[in-house]
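Enquirer: give me a 3D structure for the following:
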Amino acid sequence: MTRKTKIAVGIVSVLALLVAILIVVIATFDWNRAKPMINERVTAAIGRPFAINGDLSVQWTRETDEGGWRAWVPWPHIVANDISVGNTEWAKAPQFATLKRGEFSLAPLPLLSQRVVIRRIQLTEPAADLERLADGRANWLFTLPESGEPSPWVLDINEIGFDKGRVGYSDAILQADLTVLVDPLGKPVPFADVAGAAFVAEDGAAPAPRDYVFGWKVDGKYKGLATKGEGKVGGMLALQDAKQPFPVQADVAIGGTKAAVTGTLTDPVNLGALDLRLKLSGASMAQLYPLTGVTLPDTPPYSTDGHLVARLRNAGGAVFDYRDFNGQVGNSDLHGDVSFSLAAPRPKLTGKLSSKQLRMADLGPLIGVPSGKAAPAQDKPKDAPVKRAGGKVLPTQAFRTDRWRDMDADVALEAGRIVHDAKLPLSDLSVHLILQDGQLTLDPLRFGMAGGNMAATLRLDGSKAPLTGRVEMHARRLRLKQLFPATESMQKTLGELNGDLALSGTGNSVAALLGSATGDVKMLVNDGVISRSLMEIAGLNVGNYVMSKLFGDDEVKINCGAADLEMKSGVMTPRVFVFDTENALINITGTTDFKNEKLDLDITPDSKGFRIFSLRSPLYVRGTFGSPDVGVHVLPLAARGAGMVALGVILTPAAGLLALIAPSTTDDNSCATLLKQMRVPPKAPAPAKGK
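Expert: The predicted model follows:
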């Protein structure tokens, strides 16, 4: 052996001996002596006090999952007891997190690039207190004290296993103050035992969800609402395996809203996707707004049951699909699919809904009419109108236009039957709702009624204040006998009702819109019957009183009823408002003030033929909508005398109503004759002299 060879062998032997000595030293080293240094270095790295207060031990083992030469590099398996992480100076809790015991294996090579790679970590009795202030500062965000920049170290954890623990969460932005407790179930519960065999994951090729291992409970407040709930979760949380479903189950009550979910979460570290069976119930859908940000109307109590699939890492924003849900709103059923997308510039709700039966009492809150049982009627004389407290009746509940600007919507609804009351069912509802940039449009809005149909277009612009609105409505071929199916006399009629309405106004409620409305209302009714009993059935107490004064208790045949009403700034004035009955022409003049909800009308009957002295006295209607005052004019009859024969002078504008006759299917339309007579210049004698 040459001298150089001996020197090389010696050097290699020394190096091998040094490595062996180093391995022995590391393997037998008491790592508790290194705790002060470790605590100091970690404290500097995270900018918070860090301490391992209990025993610290390290065992070196090879990682069999590694390939190639890396499989020969030993990994330290670290066991640390009684660990604490300090809190920020402004936080309430003294510690940010504590841990009774932590075990993990650390990859040594990535440390050279400031990456902490841990394949799996097991936590025993973890506890954390998370807190965020109103200015956005959060104690779970770690920064370096000297630079104020986020730490350059990157934490890469594949799986986390945990034992029983506690998490406190205080958030001034979300108005949350919650405490979550986690405890082992005792033995694992198979996912299928909780979710049911019928539950199918979104990706049929995905691995089966793991068993439920832990139970949890939550108590406190969220969005300022009392919150309480419980559920189950899996044991090992796979943070890096996006295809490994993590089982979740929860029953939570937040304020008046209750939610029950069963399903899986995939890619939890990035909130990749949800696949859940979701049940929701509550006092009103509007209560979901502070919880979800989804603008929904005020409704009666509701409940739904459907399949929620969420794609949380979608390129255009997270998308939530609620599929094949079955719901109930009040006593109305609701089915279909809806999708909520967190797209820019605003979230958007889309969907197609259907219903077998909708109750008008459940739809009332959509237009500001509170749901609930009506107050019992007070006893009134038979010939007096019913008075209501305050004298006002129009809905004043404000539209929540501030929420209209928070999202967009495109939702269609088809309903087979609408129940207004047991005697007047509606059918074949079709409505398409579009909410865009704070502008709400219902177009079309169609439904069948009394053998005919109603079609409307509604536009409300909530993008500015005050709200502006416009409605157009058309009633065609409404059969009178079907409008009042419980009235025996109406079953003899062949007549119809046709009408048109076009109004526009400003205001943030139905009352405000009508109180400022401008437009026209036109209506024709032919070949009907009117009586006190009919007025009672229709709930028209003023009409009931007027009928008794004009015709007593008898039924009166209506040849034609014609109305051409002009509305300006909430005040409605008749161009034409006349009823042609079998023994009199009845003309209505005056004003109806929707802003102040006041009436100022004169009802003037003119007997047919030459029975001038048999004319009944004209009537007046004064007062408010809810408390009208109806009486008889005391002026002498002769003051008008035969002048009412000149009715055609007043009714000249009625020519515009002829168009409403065209849709009628009745061959003999009495209104056609009346309206043609109105167009003929009248010839009237001079008024008779009164007393």
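Enquirer: now G515: how far from S509?
Expert: Taking Cβ to Cβ, to the nearest Å as the criterion, G515 is separated from S509 by 9 Å. C-beta here means a position set from N, CA and C on the backbone, and glycine is covered the same way.
Enquirer: these two: which is more packed in?
Expert: Ranked by neighbour count (other Cβ atoms under 10 Å), G515 and S509 place G515 first, with 20 against 17.
Enquirer: now do the contacts for that one.
Expert: Listed by Cβ atoms under 8 Å, 6 or more residues apart in numbering, the contact partners of G515 are L394, G505, G507, G570, F594, K595, N596.
Enquirer: can you redo those as JSON lines with distance to T227?
Expert: Compiled in JSON lines, the contacts of G515 are given as follows (distance: Cβ to Cβ, whole Å):
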{"residue": "L394", "distance to T227": "38"}
{"residue": "G505", "distance to T227": "42"}
{"residue": "G507", "distance to T227": "37"}
{"residue": "G570", "distance to T227": "45"}
{"residue": "F594", "distance to T227": "44"}
{"residue": "K595", "distance to T227": "44"}
{"residue": "N596", "distance to T227": "46"}
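Enquirer: what is the most widely separated pair among these?
Expert: The two members of the contacts of G515 with the most space between them (Cβ to Cβ) are G505 and N596, at 14.7 Å.
Enquirer: which of those two has more residues huddled nearby?
Expert: Neighbour count, other Cβ under 10 Å: between G505 and N596, G505 has more, with 24 against 13.
Enquirer: pretty sure the more buried one contacts S516?
Expert: Yes: if you go by Cβ atoms under 8 Å, G505 and S516 touch, sitting 4.2 Å apart.
Enquirer: intersection of neighbour lists for these two?
Expert: Common contacts of G505 and S516 (Cβ under 8 Å, 6+ apart): G570.
Enquirer: now the contacts of G515 in TSV, with pLDDT?
Expert: Listed next are the contacts of G515 as TSV, based on pLDDT from 0 to 100:
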residue	pLDDT
L394	84
G505	92
G507	89
G570	91
F594	91
K595	90
N596	89
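Enquirer: emit the ChimeraX select command for whichever of these are buried.
Expert: Applying 16 or more other Cβ atoms under 10 Å to the contacts of G515 leaves a buried subset, and the ChimeraX line that selects it is:
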select :394,505,507,570,594,595
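Enquirer: between the contacts of G515, which is closest to A415?
Expert: Nearest to A415 out of the contacts of G515 is L394 (Cβ to Cβ; 25.9 Å).
Enquirer: look up phi and psi at the residue nearest to the closest one when sequence neighbours are not counted.
Expert: Spatial nearest neighbour of L394, excluding adjacent residues (Cβ to Cβ, 6 or more residues apart in numbering): A511 at 3.8 Å. Backbone torsions of A511, given as degrees, to the nearest 10, read phi -60, psi -40.
Enquirer: do the one 4 residues further on as well
Expert: Note on G515: its backbone torsions stand at phi -70, psi -10 [degrees, to the nearest 10].
Enquirer: could you find the closest non-adjacent residue to it?
Expert: Using Cβ to Cβ, 6+ apart and skipping the chain neighbours, the partner closest in space to G515 is K595 (3.5 Å).
Enquirer: same question for D163.
Expert: Per Cβ to Cβ, 6+ apart, closest to D163 is T124, 4.5 Å.
Enquirer: let me know the helix or strand that the one you found is in.
Expert: strand 115-132 (DSSP states H and E).
Enquirer: tell me the first helix or strand C-terminal of that strand.
Expert: By DSSP H and E, the next helix or strand past strand 115-132 is strand 154-162.
Enquirer: helices of the chain, start to end?
Expert: 3-28, 35-46, 191-195, 289-292, 360-363, 401-404, 480-483, 510-515, 532-538, 541-551, 647-650, 670-678 (DSSP state H).
Enquirer: just the CA atoms of the third one, as CSV, please.
Expert: If I follow you right, that is helix 191-195. The C-alpha coordinates for helix 191-195 follow below in CSV (Å, rounded to 0.1, in the frame of the first residue of the first chain):
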residue,chain,number,x,y,z
PHE,A,191,-70.0,7.4,7.1
ALA,A,192,-72.8,5.4,5.6
ASP,A,193,-74.5,4.9,9.0
VAL,A,194,-74.9,8.7,9.3
ALA,A,195,-75.2,9.9,5.7
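Enquirer: which neighbouring elements make contact with that helix?
Expert: Under the contact definition 3 or more Cβ pairs under 8 Å, 6 or more residues apart in numbering; DSSP states H and E, helix 191-195 sits against strand 246-254, strand 257-266.
Enquirer: now render those as JSON lines, adding mean neighbour count.
Expert: As requested, the helices and strands packed on helix 191-195 are arranged in JSON lines below (neighbours: other Cβ atoms under 10 Å):
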{"stretch": "strand 246-254", "mean neighbour count": "19"}
{"stretch": "strand 257-266", "mean neighbour count": "20"}
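Enquirer: could you point out which of those sits nearest V73?
Expert: Closest to V73 of the helices and strands packed on helix 191-195, according to Cβ to Cβ: strand 246-254, at 30.8 Å.
Enquirer: could you pull up the mean pLDDT of the closest one?
Expert: Across strand 246-254, the average pLDDT comes to 91.
Enquirer: with just CA atoms, put it into CSV.
Expert: What follows is strand 246-254 as a C-alpha-only set of coordinates in CSV (Å, rounded to 0.1, in the frame of the first residue of the first chain):
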residue,chain,number,x,y,z
PHE,A,246,-63.3,14.3,5.0
PRO,A,247,-66.6,13.5,6.6
VAL,A,248,-68.6,16.2,8.3
GLN,A,249,-72.1,16.3,10.0
ALA,A,250,-73.7,19.2,11.8
ASP,A,251,-77.0,20.3,13.3
VAL,A,252,-76.8,24.0,14.0
ALA,A,253,-79.3,26.7,15.1
ILE,A,254,-78.3,30.4,14.4
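Enquirer: which residues does that strand contact?
Expert: 191, 194-195, 209-212, 218, 222-223, 225-234, 237-238, 258-266, 268, 276, 291.
Enquirer: repeat that with 6 Å
Expert: Contact with strand 246-254 is made by 191, 194, 209-210, 212, 222, 225, 227-229, 231-234, 259-262, 264-265, 268, as judged by Cβ atoms under 6 Å, 6 or more residues apart in numbering.
Enquirer: of those, select the buried ones using a PyMOL command.
Expert: Typed into PyMOL, the line below selects the buried ones among the contacts of strand 246-254, using 16+ other Cβ under 10 Å:
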select buried, resi 191+194+209+210+212+222+225+227+229+231+232+233+234+259+260+261+262+264+265+268
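Enquirer: ok so, going back, hang on, the residue nearest to G515 packs against G570?
Expert: Yes: using Cβ atoms under 6 Å, K595 is in contact with G570, at 3.9 Å.
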